[in-house]
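Engineer: missing the sequence, but the structure's below:
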């Protein structure tokens, strides 16, 4: 299972555009490329799939136990090469160990045997960049390391001086990317926009691929790829919460971890997508309705006016379960107040009232022990997930769904809630906690 992990000293250095360009360039060369994302990111995998045509999966040492990790890494079967994108800086993780580790990209590289390609923003420095790269290379001596890609190089002289430093440090330079102001993806408050929202995503990725092909040694990258044997284990992907699952899928509701959908599909569940923004109701014969996270705050007025959607969901909730995550949870509530202070009526299946006018940043891993049943899970089940939003709870009158703690064991006030057949959480479910 040969592969590489694309990482950097920090966020904002250009690793996502390098990742997308590399995926497309390798795919254009006829390789079957399996993408992965290290850490709890639900936006990047959709970009990865658009770049190379294969679904991308998350690998997460804090949230995932060894059985799920192996089941996800086995999705690389049939691929010629794996390429994983790191999150944040290479060694960044949480303070308290999770199911396997602390959630860093370096742990993913070590676990899979994938050499690290370090993307360095060398703007404002030259030979000094080698000291940074050497520190990352030496921090974990047994971490496999392929070399560096120098990004935002200003001139031939800048390249020459920076290369001198790398040569002195004994670090292979795999590519040199000239400074280019348009080599970025659009962003908003949760990071990148969604792949489905990009005005011309395929053309942008093709441009990244051409740029990388012109300035990166693709043959050297392919030669540097290494890895451990492909796991030969039975599937341990998450089981579906029901047989017929109606799931909201559009620009307002798109944040679902790919391994969840893959597990549901592999277990024989029928996944029935519908679009609230197109005023579609969930399938009338669905066993459960699932509202993923997304950006309902950007479409609150449209959701409030979607009468077919609203009537269909309410009719379903009279007799059958419905669950929402983060944005989906807010849509199940009584009201959502957008950043301008306008109050929009939501589904009213829960009493939750949330506001983006009063913004507060919520970010981190979550361990939740259920205090009430959740579709597919019984009381006292421990779940692992991740929370990332800016909304503030103004009212939450319903019974709490779970006792929720952060990665270090501190109680978190966003417990989720339930009423009747409706339930919701602010964290995005990754998996049920594995037992020994």
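Structural biologist: Sure, I can see it. Quick caveat, the model's predicted, so the values are computed rather than measured.

Engineer: any idea how far residue 292 is from the residue nearest to residue 351 when sequence neighbours are not counted?
Structural biologist: In space, and not counting its chain neighbours, residue 351 is closest to residue 397: 4.0 Å by C-beta to C-beta, 6 or more residues apart in numbering. For glycine as for every other residue, the C-beta is placed from the backbone atoms N, C-alpha and C. Note on residue 397: its distance to residue 292, by C-beta to C-beta, to the nearest Å, is 24 Å.

Engineer: Looking at these two, which has the bigger crowd around it?
Structural biologist: When residue 397 and residue 292 are compared for neighbours, residue 292 comes out ahead with 25 against 11, by other C-beta atoms under 10 Å.

Engineer: what sits against that one?
Structural biologist: Contact analysis of residue 292 by C-beta atoms under 8 Å, 6 or more residues apart in numbering lists 247-249, 253-256, 324-328, 428.

Engineer: now the residue nearest to residue 351: how far from residue 352?
Structural biologist: Using C-beta to C-beta, one obtains 8 Å as the distance from residue 397 to residue 352.

Engineer: The nearest residue to residue 392 once chain neighbours are set aside: what secondary structure?
Structural biologist: Closest residue to residue 392 apart from its sequence neighbours, by C-beta to C-beta, 6+ apart: residue 358 at 4.5 Å. Classification of residue 358 into helix, strand or coil gives coil, according to DSSP: H, G, I helix; E, B strand; the rest coil.

Engineer: Against residue 281, how distant is residue 358?
Structural biologist: Using C-beta to C-beta, we find residue 358 at a distance of 32 Å from residue 281.

Engineer: more crowded one of the two?
Structural biologist: The residue with the greater number of neighbours, taking residue 358 and residue 281 and applying other C-beta under 10 Å, is residue 281; the counts read 21 against 14.

Engineer: how about the residue of the chain positioned farthest from its centre, secondary structure?
Structural biologist: The outermost residue of the chain, judged by C-alpha distance from the chain's mean C-alpha position using C-alpha atoms, centre = their mean, is residue 157 at 38.1 Å. For residue 157, the reduced secondary structure class is helix; criterion used: three-state DSSP.

Engineer: Distance of it relative to residue 12?
Structural biologist: Relative to residue 12, residue 157 is positioned 25 Å away (criterion: C-beta to C-beta).

Engineer: repeat for residue 373
Structural biologist: If you measure residue 373 against residue 12 using C-beta to C-beta, the figure is 42 Å.

Engineer: what's the helix or strand for the nearest residue to residue 388 once chain neighbours are set aside?
Structural biologist: With sequence-adjacent residues excluded and distances taken as C-beta to C-beta, 6+ apart, residue 388 is closest to residue 363, at 5.2 Å. Secondary structure assignment for residue 363, by DSSP states H and E: strand 362-370.

Engineer: List the residues that contact the spatially closest residue to residue 173 that is not a sequence neighbour.
Structural biologist: When the adjacent residues along the chain are set aside, residue 173 lies closest to residue 166, with 5.2 Å between them (C-beta to C-beta, 6+ apart). Shown in contact with residue 166 (C-beta under 8 Å, 6+ apart): 129-130, 133, 148, 150, 172-173.

Engineer: Where helices are concerned, which of those residues count?
Structural biologist: Cross-referencing the contacts of residue 166 against helices under DSSP state H gives 129-130, 133.

Engineer: Secondary structure added to the contacts of residue 292, as TSV?
Structural biologist: Conversion of the contacts of residue 292 to TSV gives the following (three-state DSSP):
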residue	secondary structure
247	strand
248	strand
249	coil
253	strand
254	coil
255	strand
256	coil
324	strand
325	strand
326	coil
327	helix
328	helix
428	strand
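
Engineer: What is the burial count for residue 161?
Structural biologist: Residues near residue 161, counting by other C-beta under 10 Å, number 17.

Engineer: Not counting sequence-adjacent ones, nearest residue to it?
Structural biologist: Leaving aside its chain neighbours, residue 161 sits nearest to residue 126 (3.8 Å; criterion: C-beta to C-beta, 6+ apart).

Engineer: Let me see the contact set for the one you found.
Structural biologist: Taking C-beta under 8 Å, 6+ apart as the contact definition, residue 126 lies against 158, 161-162, 164-165.

Engineer: where's it relative to residue 81, distance?
Structural biologist: Noted for residue 126: a distance of 32 Å to residue 81, by C-beta to C-beta.

Engineer: likewise residue 259?
Structural biologist: Plainly put, residue 259 is 20 Å away from residue 81 if you go by C-beta to C-beta.

Engineer: Contact partners for the nearest residue to residue 377 once chain neighbours are set aside?
Structural biologist: Computed as C-beta to C-beta, 6+ apart, the closest residue to residue 377 that is not its neighbour in sequence is residue 370, at 5.9 Å. With contacts taken as C-beta under 8 Å, 6+ apart, residue 370 has the following neighbours: 377-383, 401-402.

Engineer: my hunch is that residue 47 is in a helix, does that hold up?
Structural biologist: Yes - for residue 47, which was evaluated using three-state DSSP, the result is membership in a helix.

Engineer: thought it was touching residue 24?
Structural biologist: No - the pair residue 47 and residue 24 fails to qualify as a contact (C-beta atoms under 8 Å) at a distance of 10.6 Å.

Engineer: The contacts of residue 166: which two are farthest apart?
Structural biologist: Maximum pairwise distance in these, criterion C-beta to C-beta, is 14.0 Å, between 129 and 172.

Engineer: which of the two has more neighbours?
Structural biologist: In this view residue 129 and residue 172 are compared by other C-beta under 10 Å, and residue 129 has more residues nearby, 25 against 14.

Engineer: how far away is the closest residue to that one other than its chain neighbours from residue 168?
Structural biologist: When the adjacent residues along the chain are set aside, residue 129 lies closest to residue 122, with 4.4 Å between them (C-beta to C-beta, 6+ apart). With the distance defined as C-beta to C-beta, residue 122 ends up 15 Å from residue 168.

Engineer: cool, and residue 412?
Structural biologist: According to C-beta to C-beta, residue 412 stands 48 Å off from residue 168.

Engineer: before we move on, the earlier item: between residue 122 and residue 168, which is the more surrounded one?
Structural biologist: Between residue 122 and residue 168, counted using other C-beta under 10 Å, the more crowded position is residue 122 (28 against 12).

Engineer: pLDDT score for the closest residue to residue 29 other than its chain neighbours?
Structural biologist: For residue 29, ignoring the flanking residues on the chain, the nearest one in space by C-beta to C-beta, 6+ apart is residue 218 at 7.4 Å. Among the per-residue scores, residue 218 holds a pLDDT of 98.
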